[in-house]
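1. sharing a sequence plus its predicted fold:
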Amino acid sequence: MGRHRRKYSDEFKAAAVERLYEPGATEGTVAKELGITGTQLKTWRLEIEAFGSMEAKRRQKADAAELERLRKENKRLAE
């Protein structure tokens, strides 16, 4: 049987990553307590470190999608 993909809010992801900074916390222990994989928690941590926040990542993806849409529209209009 297939497993459905779970969605987590940006707040949940940020709170999970924040727990990593508590004394004695490890990715493995925090992930186990939250019922997620250590790999997923590490991915969230790296994304937050790279983008500053999950919201910043979402904005960047939305901006990139809008830029791509505008480029296609410009190309269509130029033809």
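-> Perfect, thanks for sending it.
2. mind checking the longest helix of the chain?
-> Longest among the helix segments of the chain by residue count, using DSSP state H, is helix 54-78.
3. contact partners of that one?
-> 10, 13-14, 44, 47-48, 50-51 (C-beta atoms under 8 Å, 6 or more residues apart in numbering). Just so you know, the C-beta spots here come from the backbone N, C-alpha and C atoms, and that holds for glycine as well.
4. please apply the same query to stretch 17-30.
-> Applying C-beta under 8 Å, 6+ apart, the external contacts of stretch 17-30 come out as 16, 38, 41-42, 44-45, 48.
5. farthest pair in the residues you listed?
-> The most widely separated members of the contacts of stretch 17-30 are Gly38 and Ile48, with 15.7 Å between them, by C-beta to C-beta.
6. what are the phi and psi angles of Arg5?
-> When quoted as degrees, to the nearest 10, the phi and psi of Arg5 stand at phi -80, psi 130.
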